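Visitor: Model the following, please.
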Amino acid sequence: MLVAVLVPPVRPHLVEIAAIADAFFEANVQTGQDHYRVRLISEHGEPIRTSSGLTIMADTTLDEVREPIDTLIVPPTHGVPLPPSAAVTDWLRAQTPQTRRYGSVCTGAFILGAAGLLGGRRVTTHWQYAHDLTAQYPDAIVEPDRIFVRDGPLFTSAGVTAAFDLVLSLIEEDLGRDVALAVARFLVMYLRRPGGQSQFSAQLAAQFVVREPIQRVLQWIRDHLRQDLSVARLAREAGMSQRSFARAFVQETQVTPAQFVELTRIEEARRLLEETKLPVQKVALESGFSGTQAMRKAFCRRLDITPSEYRERFRTTGDPGPRTHQGRGAPLPATLNPRCGQGRP
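Guide: Numbering: from 1, shown residues only. You can find the predicted model right below:
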């Protein structure tokens, strides 16, 4: 299968290009077969200086591509890319109907948008540029908090490490879950994230908080997950009025206090599911949820996966248990997991 990577001519981000190539290469290694042939494509064939200063050479040019493309990927530039040339947009419009699947990583979505390929489609990009993508391509349905999104043959992802998550999902679609997990383990990505998982990390957001009262409250939340974490209680801890506290909290973290509390509880629950053998009910209580149903709803809302499914996929202790095997061409899970509405906690 030919994987064509269309490299932007100005300041492409090298890490995503390498992630795409390395993940597909490792799938070949793990299976002992040449399932994928990754080729870099550029408009003119000239050396391309990446955003980090390293220079790369494409394998071929737009005009030289003769064999059928199975998977077409547009990697990002550092920041919003410059508008592509008419030659690039015409080539994309001509190629995508003939490919099995096509898409972008991070800000590569802007190049697809310039070719008119995002209209009416659910897409994502790096959270920092999601507003710009919405503004430039209002017909696209931008989901700014997703790791990656699949809408028919079109796929889009967030930035940097999300490229690995996206490519692993494509490998799983082609070669099955066992191969995808083997690739993830070799790449030291034992936590392979589903596409619906949030880009937002409560702990990462906390690192950027400046105001001391908010810093203090964030630590207090982490230390008291099983206590009352209402806005009124948190505002008292900060020594602020509820209105002032809520406004300052959103300014510092970009989420409401209730959202931050839920995300922090989810992160603690994930840790316990990964690292311990505690029953799911005990994990829920230890993480501050009122019970398994409350935790289940939070997981489905934020991760599109149930706690039990999360443990089966990501646990790092004990017997990993039986693994299912998806055959070649099996569909990717939808962005919203239908099993979240029923079944196991």
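Visitor: I'd say residue 75 and residue 105 touch.
Guide: Yes. Taking C-beta atoms under 8 Å as the definition, residue 75 is a contact partner of residue 105 at 5.1 Å. All C-beta spots, glycine's among them, are computed from the backbone N, C-alpha and C.
Visitor: tell me the secondary structure for the closest residue to residue 220 other than its chain neighbours?
Guide: The spatially closest residue to residue 220, leaving aside those adjacent along the chain, is residue 237, at 5.3 Å (C-beta to C-beta, 6 or more residues apart in numbering). Using DSSP: H, G, I helix; E, B strand; the rest coil, the secondary structure recorded for residue 237 is helix.
Visitor: residues contacting residue 237?
Guide: Going by C-beta atoms under 8 Å, 6 or more residues apart in numbering, residue 237 touches 216, 217, 220.
Visitor: Please indicate which of those residues has the highest neighbour count?
Guide: residue 217 (28 neighbours; other C-beta atoms under 10 Å).
Visitor: Surely it forms part of a helix?
Guide: Yes. Membership of residue 217 in a helix is supported by three-state DSSP.
Visitor: Tell me who's in contact with it.
Guide: By C-beta under 8 Å, 6+ apart, the contact list for residue 217 reads 234, 237, 238, 245, 249.
Visitor: which SS state does the fourth one fall under?
Guide: Using three-state DSSP, the secondary structure recorded for residue 245 is helix.
Visitor: Quick check: closest non-adjacent residue to it.
Guide: residue 235 (3.9 Å).
Visitor: Could I get the buried residue list for stretch 26-37?
Guide: By neighbour count with 16 or more other C-beta atoms under 10 Å, stretch 26-37 contains the buried residues 26, 27, 28, 30, 31, 35, 36.
Visitor: Tell me which helix or strand the third one sits in.
Guide: This points to residue 28. According to DSSP states H and E, residue 28 maps onto helix 14-31.
Visitor: before we move on, what about residue 68?
Guide: Once you assign secondary structure using DSSP H and E, residue 68 falls outside every helix and strand.
Visitor: residues contacting the nearest residue to residue 85 once chain neighbours are set aside?
Guide: The shortest distance from residue 85 to any residue other than its chain neighbours is 6.4 Å, reached at residue 43 (C-beta to C-beta, 6+ apart). Each residue near residue 43 by C-beta under 8 Å, 6+ apart is listed here: 9, 61, 62, 85, 87, 88.
Visitor: okay, the residues you listed in a markdown table with neighbour count, secondary structure and pLDDT next?
Guide: Compiled in a markdown table, those are given as follows (neighbours: other C-beta atoms under 10 Å; DSSP: H, G, I helix; E, B strand; the rest coil; pLDDT from 0 to 100):
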| residue | neighbour count | secondary structure | pLDDT |
| --- | --- | --- | --- |
| 9 | 18 | coil | 94 |
| 61 | 15 | strand | 96 |
| 62 | 21 | helix | 96 |
| 85 | 14 | coil | 97 |
| 87 | 13 | helix | 97 |
| 88 | 21 | helix | 97 |
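Visitor: so which pair among the residues you listed is furthest apart in space?
Guide: Based on C-beta to C-beta, the longest span within the contacts of residue 43 runs between 61 and 85 and measures 12.5 Å.
Visitor: From residue 286, how far out is residue 226?
Guide: Computed with C-beta to C-beta, to the nearest Å, the distance linking residue 226 and residue 286 is 7 Å.
Visitor: Neighbour count: those two, which is higher?
Guide: residue 286 (17 against 11).
Visitor: Over to the more buried one: give its phi and psi.
Guide: Taking degrees, to the nearest 10, you get phi -60, psi -30 for the backbone angles of residue 286.
Visitor: Repeat that for residue 77.
Guide: Dihedral angles for residue 77 - degrees, to the nearest 10 - are phi -100, psi 170.
Visitor: and it, what pLDDT?
Guide: At residue 77, the model reports a pLDDT of 95.
Visitor: Please look at it and residue 12 and confirm they touch.
Guide: Yes. With contact defined as C-beta under 8 Å, residue 77 reaches residue 12; the gap is 5.6 Å.
Visitor: what do these two both touch?
Guide: A shared contact of residue 77 and residue 12, defined by C-beta under 8 Å, 6+ apart, is any residue touching both; here these are residue 51.
Visitor: Please identify which of the two sits among more neighbours.
Guide: Between residue 77 and residue 12, counting by other C-beta under 10 Å, residue 12 is the more crowded of the two (27 against 22).
Visitor: quick one, helices of the protein?
Guide: Listed from the start of the chain, the chain has helices (DSSP state H) covering 14-31, 86-95, 108-114, 130-136, 162-175, 177-186, 202-206, 212-223, 231-238, 242-253, 257-275, 280-286, 292-303, 307-314.
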